[in-house]
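Asks: Just need the structure, nothing else, for what follows:
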Amino acid sequence: MFGKRSISGRIGTIAAGILLLTCGSLGAQTTDTQNLPGWVLYEKGLALYEQGHLSEALDLISLSARDGILTPEATYWIGRIYEAEGDYLLAEKRYKEALEDARFLYIPDDKWNIYYSIANIYLNKKEFDQYEQLLLSVFDQEMKRNTEIIRREHSYIQLLKSDGLDKLLLLYRLKLTYSLEATSRLGRYYNGKGLWKSSLIKNLYPLLTIFSSGIESLISRYPDFSFPVNMEEAWESDEEFLISLYEEYCSLSQSDFVFARDLKTFKPLHLTEDRLSAEMIINKAYPSFMMTPSVYTLLKMENHLGKDSFLKMETLYSALYFLGEALYQEGNPERALEFWSLLNMSSFSSSWKKLAAQKIKNPEEETPFLKY
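Replies: Just a heads-up that it's a prediction; the model follows:
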């Protein structure tokens, strides 16, 4: 790792004068750090940061500089330490210094972490205009290579309002990388400000991105998989998975209902009739239940890819919730219910699922933690 950031202030004093680091409070022995490589001190500092020993971490990361020069990685983590200590001014200064030297980062894409850390500072300082502009700059940098996506925004919104989420996911795919978090944060921010159209647009990006990534991964694992045109197509291609879903939801509804099967072939005997019976049972516990291509695909993603996979499921859940709220506020209560019901059918517990369930009962209920 290489960088060009000179140490100043507290950091310069440490680098110039401290050769021995004593961690008496940790019960550690005095260690001669003078001859340790800078990268070793840096890694030891990160380990101390993870353990919550901020002062000791700051000392070691600062000492990792050789000839008074800090790598941008070290400068960034010094900023993280100051932020954890509540010193937002110093943290912001270090983050911006690290960003100035971003061309020297060992992993170039780490610069986006610096952008998001600066955004956190603006948010904590309630500098909302700067927060918004920084996130927009991240989004704009990715969109410079994807101008066609911007031109489609109006089409996304119109199709969503007229034909619903199933049609949108059937026709469009989108893959954001480093700006995914920026669009998610902007979607929340615009929702909190009551800017419903902006919230609608920005929350569509994480929704399309994560569904696109999930569908792509399902296809790589199951080559015959595709987002279904309708549920009849899904039943024809994935009967057993859907039966298992229906039986699971019946179980959650306190029913021991199962699909009748031939004892020799184990094939379902009365598929259509049993589907209808199961749906009647499920609707008692989930009045808004409706198995759609979007619900089916979400549950397929959750069951086969897992919540802890590379997919950012919490980001998807928040997008679903805020899209529902934006649609409701724009006078589309039926479309709003579609999103909240989809989220409510998730097989994973989350705060967003609980909020969606409350919205289904009372759409006017405010989101309690979003005030900017």
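Asks: contacts, neighbours, all on C-alpha from now
Replies: Will do.
Asks: What about this structure, which residue is the most distant from its middle?
Replies: Computed with CA atoms, centre = their mean, the maximum C-alpha offset from the centroid of the chain is found at Lys264, amounting to 46.0 Å.
Asks: Helix or strand: which one has the residue most central in space within the chain?
Replies: In the chain, the residue lying closest to the centroid (CA atoms, centre = their mean) is Thr315, at 3.2 Å. Using DSSP states H and E, Thr315 maps to helix 313-329.
Asks: Would you mind pulling up the elements that the helix or strand following that helix packs against?
Replies: Remark: after helix 313-329, the chain's next helix or strand is helix 333-344, criterion DSSP H and E. With contacts defined as 3 or more CA pairs under 8 Å, 6 or more residues apart in numbering; DSSP states H and E, helix 333-344 has these neighbours: helix 313-329, helix 351-361.
Asks: can you tell me which residues contact the closest residue to Lys93 other than its chain neighbours?
Replies: Spatial nearest neighbour of Lys93, chain neighbours left out: Gly79 (7.6 Å); criterion: CA to CA, 6 or more residues apart in numbering. Going by CA atoms under 8 Å, 6 or more residues apart in numbering, Gly79 touches 90-95.
Asks: For the host helix or strand of Trp235, what is the distance to the chain centroid?
Replies: Per DSSP H and E, Trp235 falls inside helix 231-237. Distance of helix 231-237 from its chain centroid, counting by CA atoms, centre = their mean, to the nearest Å, is 30 Å.
Asks: May I have that helix exported as PDB, CA atoms only?
Replies: The C-alpha trace of helix 231-237 is given here as PDB (Å, rounded to 0.1, in the frame of the first residue of the first chain):
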ATOM      1  CA  MET A 231     -48.300 -18.500 -11.600                       C
ATOM      2  CA  GLU A 232     -49.500 -21.300 -13.900                       C
ATOM      3  CA  GLU A 233     -46.100 -21.300 -15.500                       C
ATOM      4  CA  ALA A 234     -44.500 -21.400 -12.000                       C
ATOM      5  CA  TRP A 235     -46.600 -24.300 -10.900                       C
ATOM      6  CA  GLU A 236     -45.700 -26.200 -14.100                       C
ATOM      7  CA  SER A 237     -42.000 -25.800 -13.600                       C
END
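Asks: count of neighbours near Lys361?
Replies: Using other CA atoms under 10 Å, Lys361 has 9 neighbouring residues.
Asks: For the residue farthest from the centre of the chain, give me the pLDDT.
Replies: What the model reports as pLDDT for Lys264 is 91.
Asks: that's a strand at it, yeah?
Replies: No: applying DSSP: H, G, I helix; E, B strand; the rest coil, one finds Lys264 to be coil, outside a strand.
Asks: who touches it in this structure?
Replies: So Lys264 contacts nothing (CA under 8 Å, 6+ apart).
Asks: quick one: it and Lys353, what's the gap?
Replies: 40 Å (CA to CA, to the nearest Å).
Asks: just the strands in the stretch 1-150 of the chain please.
Replies: Shown for the stretch 1-150 of the chain, the strands assigned by DSSP state E, counting those that start in this stretch span residues 5-6, 20-21, 31-32, 69-70.
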